[in-house]
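# Sequence first, predicted model second:
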Amino acid sequence: MSHVTFIPTEHTQSASSRSSARDMVLVLVKVRFLVLMQVPFLVLVLVPVLVPILVQRLQKAKRSKVWS
């Protein structure tokens, strides 16, 4: 009877879900830690890129307001 599949009982399901939830918490903590580590680098990289774009957008908005 090789086609019979294993049907987990309530106990094994709750245990596996508990361990998976713990794994999810650990993953979230690790991800948060990595993100916090990289935030300063992201700021250093993104600020020089985003500031000119924002300045251009503001200047365009001012020009369109002046014309309208």
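Sure, I can see it.
# now this structure, which segments are flagged as low pLDDT?
1-16, 67-68 (pLDDT under 70).
# Go again with 90.
Across the chain, the ranges flagged by pLDDT under 90 are 1-22, 34-43, 61-68.
# Show me where this structure has its helices.
Taking DSSP state H, the helices of the chain run over residues 10-67.
# how far away is Pro48 from Ser20?
42 Å (Cβ to Cβ, to the nearest Å). C-beta here means a position set from N, CA and C on the backbone, and glycine is covered the same way.
# meant to ask about Lys60, not that
Separation of Lys60 from Ser20 (Cβ to Cβ): 50 Å.
# same question, Leu44
37 Å.
# again with Lys30
Distance from Lys30 to Ser20, counting by Cβ to Cβ: 15 Å.
# And for Ser64?
53 Å.
# Arg32: how many residues sit nearby?
For Arg32, the count of nearby residues is 10 (other Cβ atoms under 10 Å).
# To clarify, my last question referred to Lys30.
10.
# Contact partners for it?
Not one residue lies near Lys30 by Cβ atoms under 8 Å, 6 or more residues apart in numbering.
# Just give me the neighbour total for Arg63.
By the criterion of other Cβ under 10 Å, Arg63 has 10 neighbours.
# actually Leu50, not the one I wrote
Counted with other Cβ under 10 Å, the neighbours of Leu50 add up to 11.
# Report the separation between it and Val43.
In this structure, Leu50 and Val43 are 10 Å apart, going by Cβ to Cβ.
# Against Gln56, how distant is Ser64?
According to Cβ to Cβ, Ser64 stands 13 Å off from Gln56.
# Check Leu26 too.
Counting by Cβ to Cβ, the gap from Leu26 to Gln56 is 43 Å.
# Neighbours of Val49, how many?
8.
# now the one 3 residues further on
Other residues near Pro52 come to 9 when the count uses other Cβ under 10 Å.
# Repeat that for Ser19.
Each residue near Ser19 was counted by other Cβ under 10 Å, and the total is 10.
# likewise Val35?
When neighbours are counted by other Cβ under 10 Å, Val35 comes out with 10.
# cool, and Val39?
When neighbours are counted by other Cβ under 10 Å, Val39 registers 10.
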